[in-house]
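**Student:** Give me a model of this one.
(one chain, ligands or ions: 1)
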Amino acid sequence: MTAIEENWIFAENDLDEINPVTFQLITKMNQISHDPVVVILIEKNAANLEKVLSAYGPDKIITIKDDALATGDDLEITDALANLIEKKGTPNTLIFPATVAGRSIAPRLQARLQTGLTADCLDLHFEGNLLIQTKPSYGDNIMCEITIPECRPQMVTARPNVFSSEKKINPNLEIETVSNIQWKKDDQLQIKSRVLLAQKAKDIKQAKHVVAIGRGSKTAKDIEGAVSLAKKLNASLGVTRPLTDLDTFTIADQIGQSGQTIAPDLLINLGISGAVQYTSGISNAKIVVSINTDKNAQIFKHSDYFFVGNAQEFAKSLEAIL
Ligand SMILES: Cc1cc2nc3c(=O)[nH]c(=O)nc-3n(C[C@H](O)[C@H](O)[C@H](O)COP(=O)(O)OP(=O)(O)OC[C@H]3O[C@@H](n4cnc5c(N)ncnc54)[C@H](O)[C@@H]3O)c2cc1C
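**Tutor:** Model prediction:
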């Protein structure tokens, strides 16, 4: 297959809305790529999501307009992408969001293309045209750099909210609509309807203020206190992994490596030790305040302000003066 010096990003289209992680990936690739940044968009014939994508300044958008494929399943989209690559050539890199869809399509396509894939990257940069892919490894205790020197495309999934998004005008933006991309219908699965997952009133991924609680703040009374403080601060409530064992919280509330990556202006950590799996999800928080009874708690190394003491008392006192 012909190699092409382009870096591709798969645009996640969730029921006719572009998932914001796509904008973050475009921004990151604009910052690090010397080759053209190309977005691959699958959309319905009547849709015009190119307009939304173009605000982030990619060099090119390749649109596959196909009503059936736009509501297709992961196998069908994989097949269409493999056929697109066969038609256009093999890009240098191909980046997917590490979302439910991205995590399903990327490995299927990787197997089809017989190339390499690094999942859940937290950072990316180029050395020449080699993509250096940073991801946590060995029980998530160290960051390692992975490269795919011999195969193309270099495939990656990158986590939402690890990179910021910035609008950019690209006067040279090219939009190409590709027709006649063949794809095989998946007879094993029939999708009757699609709905977006119900979102909580305040999604921690988008929240400007977050109050996060850990095992040092997990009684019903502690949680009540944290909820009350969060309300006062107009904040969302997030938790560490152990608290998702309680019925009250799910992975949607969990911050960290296997949960959500957050980027609030203010984060208050109540009774959280600061395990690397947690702190990897908060590195984009602007101001971090942590409260812990242990003066040597790791979380203090990731904090702008800290208080050694009881988290519940701190939360109560802070709420009282707000
Ligand atoms: C593959 C893998 C993925 C993981 N993914 C995640 C993830 O996405 N997110 C995540 O959070 N974890 C994740 N974990 C778990 C992670 O390793 C830690 O176990 C977890 O983050 C610890 O949560 P914690 O800080 O609430 O609890 P602990 O480590 O038990 O810390 C509790 C802290 O509270 C303090 N404390 C106790 N009482 C009080 C009090 N009254 N006031 C103030 N402080 C008090 C203690 O000093 C202690 O520092 C993962 C682990 C693995 C192996």
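**Student:** how near is the closest residue to residue 234 other than its chain neighbours to the ligand?
**Tutor:** The shortest distance from residue 234 to any non-neighbouring residue, by C-beta to C-beta, 6 or more residues apart in numbering, is to residue 209 (6.0 Å). Placement of C-beta: from N, CA and C, glycine included. Distance, residue 209 to the ligand, using C-beta to the nearest ligand atom, to the nearest Å: 19 Å.
**Student:** wait, residue 209 sits on residue 231?
**Tutor:** No: counting by C-beta atoms under 8 Å, residue 209 sits too far from residue 231 to count as a contact (10.7 Å).
**Student:** Just the helices from the stretch 51-200 of the chain, written as ranges.
**Tutor:** Ranges of helices in the stretch 51-200 of the chain, per DSSP state H, counting those that start in this stretch, are 67-70, 74-88, 100-113.
**Student:** Count the residues that sit near residue 261.
**Tutor:** By other C-beta atoms under 10 Å, the residues close to residue 261 number 23.
**Student:** now swap in residue 195 and tell me
**Tutor:** Around residue 195 there are 6 residues (other C-beta under 10 Å).
**Student:** quick one: contacts for it?
**Tutor:** Each residue near residue 195 by C-beta atoms under 8 Å, 6 or more residues apart in numbering is listed here: residue 15.
**Student:** And it, how close does it get to residue 6?
**Tutor:** 35 Å (C-beta to C-beta, to the nearest Å).
**Student:** same thing with residue 120?
**Tutor:** In terms of C-beta to C-beta, residue 120 sits 24 Å off from residue 6.
**Student:** Tell me who's in contact with residue 304.
**Tutor:** Residue 304 makes contacts with 287, 288, 289, as judged by C-beta under 8 Å, 6+ apart.
**Student:** which one of those residues sits closest to the ligand?
**Tutor:** residue 289 (12.6 Å; C-beta to the nearest ligand atom).
**Student:** Please verify my assumption that that closest one contacts residue 300.
**Tutor:** No: using C-beta under 8 Å, residue 289 is not in contact with residue 300; the gap is 10.5 Å.
**Student:** so what sits against both of these two?
**Tutor:** Counting by C-beta under 8 Å, 6+ apart, the residues touching both residue 289 and residue 300 are residue 306.
**Student:** Now do the buried residues in whichever helix or strand residue 5 is part of.
**Tutor:** Per DSSP states H and E, residue 5 falls inside strand 3-10. By 16 or more other C-beta atoms under 10 Å, the buried positions in strand 3-10 come out as 4, 6, 7, 8, 9, 10.
**Student:** Sweet, I'm off.
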